[in-house]
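K.L.:
the amino acid sequence is not available; the structure is as follows:
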């Protein structure tokens, strides 16, 4: 069971989805807490976002931008960023400062699968963003987007 | 009564709603920990005197009377301002010493307990306390609090702290333990009632009885040495009677000359006519069952103000003139006879040891004894064994605020106790505690990560090995660690560690529902103070101000500044899609969202146990982070549901 959400720049979720099976589903008390767990993870995401190199800090003008020490590599996928009593939380940060966050009910983050899930959703998100009728931070209500994300989750998290 | 906010008032804050808005006192966690580990003074019983006291002031025993004056004795918060303070040399309640605990003198804090016979009669282990007992206490305590909270809509952080520390103290056992000597009495007060013609013979008999307790009592534990307890006579008399005063003087002399025991006098039975009465506050360090009893049957004890001052003076003189010198003498003796030979290169080196006569009087390592009626794994070092003497040396050094020395001895002892996990666990615990208590100001992030944290983990691991027996001791140990970590100045480094430790408690699932919620709140507090030192106060959104932290984390005041700035550049073209971030300097360097999550969880848990006022306060604390989010407006959302339920 997984709870996936895309958080806008104003901390509001613009898309939410729960991937669970009848056998594996979140307990009701965790289910109602999931959005708040994701919200609290933003503290860690922001910390990771602005991590700087110590020598760069000395020069304020060249202050580290978006974890610049990993500039040579992809740096959007943050891996497991947080945990909450048996739940694991993974994160992905887009260059437009949108945050993809997923709560893993089993407490394990499989980096390979989660990374490819996030990148594929990112692609879908970019396509949504190119829609002239869509504005940044608006909730994504497109059923096509939702169904594609769910198909993707079924494929990657069977 | 003085309106000064003392330690006693903080611990009994439920009785002082007028102080609820006070700021959290400096180093309060350290003070509470130090209080639970301060020297113990047992008060022996005297049935005749107890009856006399009951008739006069409605106090059950003289031991109970002293307990009202224990803990931070220099605070003297029960002394009214108007009374004569010339004797004390300072205004009552005025701290004439440094507030920093490391620079304080140890004499500031003592605990009064029951008589030694009574202490011994209880099973020497700390197993009597059960998580359900703690929960029933908390349930009753919070029940009493609910009506008082009804009138206070604004959450009091101080009260939350006080509740937590009350819980912490409840968890701290006051029973004798074979593994350390913190709860072993250092001084025994033997009261004598002069008004009932109790004289030299009676005193002598009491002293002999006391000194022979180890022979007369069947269950007298071997880890207590009666000679390590200083007997002091307390001569209670009526000041208005000339004969009694004279007999006190002569008795004091004869007790000192013939029995070699010091005495102090208290004019306990003087009738102070037209004197202002003082209502005594509840004692802080008492057993859980006594606390429950006191709450069920609250009694108000009034004694003349002059007697209050007199009692404080007497206690101060016992502590400063008798107890501390006695402890120092013992420490010097144990240092010479036990510690120095241990440190000697001749003892620790096999080569040199060949030249030492086996008959030399160095203390040989004692083998622990196995009590007859216990399991094979239950071992005990007798009071005379060098290991236990060293432990006592370390504990007493700790009590006298010599944390450096205590740490070095605990370090030495960890090697001795390696094969005795029951002894090793508390030894490692107090090694960590003495390190944090003593070196608090010079401790760095690196030290925390490389030394303190591994040491604490090792102690917890040792406790966990014997978890079936020591579940509450483990929890107490973890709470002590987390408290000390949270009182460090660099909370950015120490708070996450404290959270990790507190999470261990929640995961262990030992505590009942009330205690668990208090731990949730404590985790929230740890996140609240987790702020990177680089963040300037000016740029810090403060949730406790009640200002709404908007989606970008900026507060109302910083928004005003922004608007002013915007007016200046009104004519410039604005890009509406540009992301504005006003809290750039603090972004990622605080944990307020985490704090809000834990407050929300705590609110939910409080509603489950029907403590709606507590829940309301938690929701109030969580509101700044959630109020502006769409998340909080969802009808099926937890925040919205709780807000509606509690409104």
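P.N.:
That came through, no problem. All of these numbers come straight from a predicted model, not from anything done at the bench. Residues are numbered from 1 along each chain as shown, chains lettered A, B, ... in the order given.
K.L.:
by mean pLDDT, flag the weakest helix or strand of the chain.
P.N.:
Going with chain A. Least confident helix or strand of chain A, by mean pLDDT, DSSP states H and E, is helix A:54-58 with a mean of 38.
K.L.:
let's do chain B instead
P.N.:
That would be, for chain B by mean pLDDT, DSSP H and E, helix B:556-568 at a mean of 48.
K.L.:
tell me what the helix or strand following the least confident helix or strand of chain A is packed against?
P.N.:
For helix A:54-58, the succeeding helix or strand toward the C-terminus, using DSSP states H and E, is strand A:77-84. Here strand A:77-84 touches helix A:34-49, strand A:87-93, helix A:111-129, going by 3 or more CB pairs under 8 Å, 6 or more residues apart in numbering or on different chains; DSSP states H and E. All C-beta atoms are positioned from the backbone trio N, CA, C, and that covers glycine.
K.L.:
out of the ones you listed, which comes closest to chain B?
P.N.:
Counting by CB to the nearest CB, chain B lies closest to helix A:34-49 out of the helices and strands packed on strand A:77-84; the figure is 3.5 Å.
K.L.:
hmm, that closest one touching chain B?
P.N.:
Yes: contact of helix A:34-49 with chain B (CB under 8 Å from any CB of the partner chain) involves A:35-37, A:39-49.
K.L.:
can you list contacts of that helix?
P.N.:
Helix A:34-49 has contacts (CB atoms under 8 Å, 6 or more residues apart in numbering or on different chains) with A:3, A:5, A:7, A:11, A:13, A:16, A:18, A:26, A:66-67, A:78, A:81-82, A:84, A:87, A:89, A:91, A:93, A:99, A:101, A:103, B:587-594, B:596-597, B:600, B:625-626, B:629, B:631, B:637-639.
K.L.:
between it and strand A:77-84, how many degrees?
P.N.:
Calculated by axes from the mean of the first three to the mean of the last three CA atoms, to 10 degrees, helix A:34-49 forms an angle of 130 degrees with strand A:77-84.
K.L.:
kindly calculate the angle that helix A:34-49 makes with strand A:87-93.
P.N.:
Using the same axes, to 10 degrees: helix A:34-49 against strand A:87-93 is 50 degrees.
K.L.:
can you give me how far helix A:34-49 is from the chain middle?
P.N.:
Chain-centre distance of helix A:34-49: 9 Å, with CA atoms, centre = their mean, to the nearest Å.
K.L.:
low-confidence ranges, the stretch 151-300 of chain B, go.
P.N.:
Along the stretch 151-300 of chain B, segments meeting pLDDT under 70 span B:152-153.
K.L.:
pLDDT weak spots in chain A?
P.N.:
Looking at chain A by pLDDT under 70, you get A:52-74.
K.L.:
in what helix or strand does residue B:252 lie?
P.N.:
helix B:242-258.
K.L.:
for the stretch 151-300 of chain B, which segments are assigned as helices?
P.N.:
Taking DSSP state H, counting those that start in this stretch as the test, the helices found in the stretch 151-300 of chain B are B:157-171, B:200-211, B:213-216, B:242-258, B:288-296.
K.L.:
may I see the buried residues of the shortest one?
P.N.:
Spelled out, that is helix B:213-216. Buried residues in helix B:213-216, counted by 16 or more other CB atoms under 10 Å in any protein chain shown: B:213-214.
K.L.:
return the list of helices and strands in contact with that helix.
P.N.:
helix B:116-121.
K.L.:
which strands and helices sit next to the helix it packs on?
P.N.:
strand B:185-193, helix B:213-216.
K.L.:
contact residues of chain B facing chain A?
P.N.:
So chain B meets chain A at B:503, B:506-507, B:551-552, B:577, B:579, B:587-594, B:596-597, B:600-601, B:604, B:625-626, B:629-631, B:636-639, B:641 (CB under 8 Å from any CB).
K.L.:
could you measure residue B:616 against residue B:513, distance?
P.N.:
Separation of residue B:616 from residue B:513 (CB to CB, to the nearest Å): 18 Å.
K.L.:
mind checking which helix or strand residue B:511 is in?
P.N.:
Counting by DSSP H and E, residue B:511 is part of no helix or strand.
K.L.:
that one contacts residue B:520, correct?
P.N.:
No: if you go by CB atoms under 8 Å, residue B:511 and residue B:520 don't touch, sitting 10.7 Å apart.
K.L.:
which one is the residue nearest to the spatial centre of chain A nearest to, not counting chain neighbours?
P.N.:
Against the mean C-alpha coordinate of chain A, by CA atoms, centre = their mean, the closest residue is residue A:100 at 1.7 Å. Distances taken as CB to CB, 6 or more residues apart in numbering or on different chains put residue A:92 closest to residue A:100, at 3.9 Å, once the chain neighbours are dropped.
K.L.:
do a quick rundown of the helices in the stretch 501-647 of chain B.
P.N.:
Using DSSP H, counting those that start in this stretch, the helices found in the stretch 501-647 of chain B span residues B:513-528, B:556-568, B:592-608, B:612-626, B:638-646.
K.L.:
okay, those helices in TSV with mean neighbour count and distance to residue B:181 next?
P.N.:
Output for the helices of the stretch 501-647 of chain B, formatted as TSV (neighbours: other CB atoms under 10 Å in any protein chain shown; distance: least, CB to CB, whole Å):
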stretch	mean neighbour count	distance to residue B:181
helix B:513-528	23	28
helix B:556-568	11	54
helix B:592-608	25	37
helix B:612-626	24	38
helix B:638-646	17	48
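K.L.:
rank those helices by pLDDT, which is bottom?
P.N.:
Among those, helix B:556-568 has the lowest mean pLDDT, at a mean of 48.
K.L.:
list the contacts of residue B:474.
P.N.:
With contact taken as CB under 8 Å, 6+ apart, residue B:474 is in contact with B:460, B:463-464, B:467, B:508.
K.L.:
repeat the analysis, applying 10 Å as the threshold.
P.N.:
Shown in contact with residue B:474 (CB atoms under 10 Å, 6 or more residues apart in numbering or on different chains): B:425, B:429, B:459-460, B:462-464, B:466-467, B:504-505, B:508, B:510.
K.L.:
just the buried subset of the residues you listed, written out for PyMOL, thanks.
P.N.:
Only the buried entries of the contacts of residue B:474 go into this PyMOL selection, using 16+ other CB under 10 Å:
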select buried, chain B and resi 425+429+459+460+462+463+505
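K.L.:
mind putting the contacts of residue B:474 in a markdown table, pLDDT and distance to residue B:339 included?
P.N.:
Putting the contacts of residue B:474 into a markdown table (pLDDT from 0 to 100; distance: CB to CB, whole Å) gives the following:
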| residue | pLDDT | distance to residue B:339 |
| --- | --- | --- |
| B:425 | 91 | 22 |
| B:429 | 94 | 21 |
| B:459 | 92 | 22 |
| B:460 | 91 | 28 |
| B:462 | 89 | 24 |
| B:463 | 88 | 27 |
| B:464 | 86 | 31 |
| B:466 | 78 | 28 |
| B:467 | 63 | 33 |
| B:504 | 92 | 34 |
| B:505 | 93 | 36 |
| B:508 | 87 | 37 |
| B:510 | 87 | 37 |
